[in-house]
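# dropping a prediction and its sequence here:
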Amino acid sequence: MDMEWEKLGFAYYPTDYRYVSNYKNGAWDEGALSDNPNVTLSEAACVLQYAQCCFEGLKAYSTADGRVVSFRADMNALRMEDSCRRMEMPVFPKERFLDAVRKTVHANRKWVPPYGSGASLYLRPYLFGTSPIIGVHASEEYQFRLFASPVGPYFKGGIRPLVIRVCDLDRAAPRGTGHIKASLNYAMSLYALTEAHALGYDENLYVDSATRTYVEETGGANIIFAEGPNRLVVPISGTILPSITRRSLTYIAREYLGLEVVERRVELKELDRFTECGLCGTAAVISPVGLINDHGKEIRFPSGMDDMGPVLTKLYTTLRGIQQCEIEAPEGWILKIQ
């Protein structure tokens, strides 16, 4: 197959097969691979009327010895279970989820980018209500799907310092749905993201909606900070999505790099104390932030204006080494597919 893997961006590229399973009469069917990329729905499907849908994102990688693996897929399965419960949808069991990952990647083996290309096979599981409804209530029937697409870097230009702004709009509210991966959470960020891009920013930084004083996350990634060479500071909040990448990085920082890890509320007014800043997630992995614009006040990070700083670089290279089996992973982190 003639693909320029190194030139791939983060965009949908259809592959040969996807996994589909339907929920009806209180049970999931056996599920199967399909070569049809299209979804047929009633015009009144619950997902179209009331956005009853959640999703996940994970990747499959080629290793130096020719294997194909996925990273912490079990955590994606468990997070989707949490999302389903909060959105009154039937849970797609973890073992079924992992089986769908294996079957989809195996069926699309030729689409897994080669080791060293910088690209990966992105996997998008999602689950949505399919029953035709008009009144506001949960669907009775559902569909789980998982498709694959080869992708390159999430942000254009690869690893380069990003410029983001503090957003005046809110992403999530206390006791709301900010902590789950509901599709509507992302739809609600599109207005602010389009505005940010038009103004020359890469992303929005959201603060807590209750006091508007604490850092939360961006529209598509968690945020982390380095304070000097030996400390990682990780913002926490009940409305932040529990990023699998962020949780992996905190473990790597402590157990592999010997860093002090501080997980706490981070005030907006203290950002200038940090030496590095980065966005992290499955799609972005780690992207350094060079500057945050807080309504005209520019916060510049000394180790991030020109390139990724030393702490984030060590985190990034260690995480990527684990994902591609160059560094021994903690037990259970790697799902062997082929």
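Yes, it's here.

# spatially nearest residue to Ile334 (excluding sequence neighbours)?
Using CB to CB, 6 or more residues apart in numbering and skipping residues adjacent in sequence, the residue nearest Ile334 is Val69, 5.1 Å away. For glycine as for every other residue, the C-beta is placed from the backbone atoms N, C-alpha and C.

# and for Ala196?
Ala196 sits nearest to Asn204 (CB to CB, 6+ apart), 5.0 Å away.

# quick check: next helix or strand after the one helix or strand the one you found maps to?
Asn204 belongs to strand 203-207 when elements are defined using DSSP states H and E. Per DSSP H and E, the first helix or strand lying C-terminal to strand 203-207 is strand 215-218.

# one step back: which residues sit against the strand holding Asn204?
162, 164-167, 169-172, 189, 192-193, 196, 213-221, 223, 268, 279, 292 (CB atoms under 8 Å, 6 or more residues apart in numbering).

# buried residues, it. List them.
In terms of neighbour count (16 or more other CB atoms under 10 Å), strand 203-207 has its buried residues at Glu203, Asn204, Leu205, Tyr206, Val207.

# picking that back up, count of neighbours near the residue nearest to Ile334?
22 (other CB atoms under 10 Å).

# repeat for the one 3 residues further on
Arg72 has 22 neighbours, counted by other CB under 10 Å.

# can you check the one 10 residues further on too?
Residue neighbour count, defined by other CB under 10 Å, stands at 15 for Asp82.

# and if you look at the one 5 residues further on?
Met87 has 21 neighbours, counted by other CB under 10 Å.

# need the strands for the stretch 51-200 of the chain, in chain order.
Along the stretch 51-200 of the chain, counting by DSSP state E, counting those that start in this stretch, strands occupy 53-55, 58-62, 68-71, 120-129, 142-151, 162-166.

# the chain - how does it break down into domains?
If you go by automatic domain parsing, the domain ranges for the chain are 5-151, 162-323.

# with distance to Gly332 as extra columns, can I get the ones you listed in CSV?
Formatted as CSV, the domains of the chain follow (distance: least, CB to CB, whole Å):
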stretch, distance to Gly332
domain 5-151, 7
domain 162-323, 12
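
# circling back: turn the strands of the stretch 51-200 of the chain into CSV, columns for distance to Glu95 and mean pLDDT.
Below are the strands of the stretch 51-200 of the chain laid out as CSV (distance: least, CB to CB, whole Å; pLDDT from 0 to 100):
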stretch, distance to Glu95, mean pLDDT
strand 53-55, 19, 98
strand 58-62, 16, 96
strand 68-71, 15, 98
strand 120-129, 14, 98
strand 142-151, 13, 98
strand 162-166, 38, 97
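
# sorry, back to before: partner strands of the strand holding Asn204, with direction?
Here strand 203-207 is paired, per DSSP bridges, with strand 162-166 (parallel), strand 215-218 (antiparallel).

# for Glu4, find the nearest of those strands.
Between Glu4 and these, the tightest spacing by CB to CB is seen for strand 162-166, at 24.8 Å.

# then the closest one to PDB, C-alphas only?
Extracted in PDB, the C-alpha atoms of strand 162-166 (Å, rounded to 0.1, in the frame of the first residue of the first chain):
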ATOM      1  CA  LEU A 162       1.200  26.200  21.200                       C
ATOM      2  CA  VAL A 163      -0.400  29.500  21.900                       C
ATOM      3  CA  ILE A 164      -3.700  29.300  23.800                       C
ATOM      4  CA  ARG A 165      -6.100  31.800  25.400                       C
ATOM      5  CA  VAL A 166      -8.200  31.800  28.600                       C
END
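
# and the helices in the stretch 201-338 of the chain?
Ranges of helices in the stretch 201-338 of the chain, per DSSP state H, counting those that start in this stretch, are 244-255, 310-323.

# list the helices and strands the shortest one packs on?
Right, helix 244-255. Packing partners of helix 244-255 (3 or more CB pairs under 8 Å, 6 or more residues apart in numbering; DSSP states H and E): helix 73-86, strand 222-226, strand 231-235, strand 260-264, strand 276-281, strand 285-294, helix 310-323.

# possible to save these as JSON lines with mean pLDDT and distance to Val112?
Output for those, formatted as JSON lines (pLDDT from 0 to 100; distance: least, CB to CB, whole Å):
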{"stretch": "helix 73-86", "mean pLDDT": "98", "distance to Val112": "15"}
{"stretch": "strand 222-226", "mean pLDDT": "97", "distance to Val112": "26"}
{"stretch": "strand 231-235", "mean pLDDT": "98", "distance to Val112": "31"}
{"stretch": "strand 260-264", "mean pLDDT": "98", "distance to Val112": "33"}
{"stretch": "strand 276-281", "mean pLDDT": "96", "distance to Val112": "21"}
{"stretch": "strand 285-294", "mean pLDDT": "95", "distance to Val112": "17"}
{"stretch": "helix 310-323", "mean pLDDT": "96", "distance to Val112": "13"}
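
# which one of these lies closest to His179?
Comparing these by CB to CB, helix 73-86 comes nearest, at 8.1 Å.

# state the distance from the spatially closest residue to Glu81 that is not a sequence neighbour to Lys110.
In this structure, Glu81 finds its nearest non-sequential neighbour in Val91, 4.8 Å apart by CB to CB, 6+ apart. Counting by CB to CB, to the nearest Å, the separation of Val91 from Lys110 is 32 Å.
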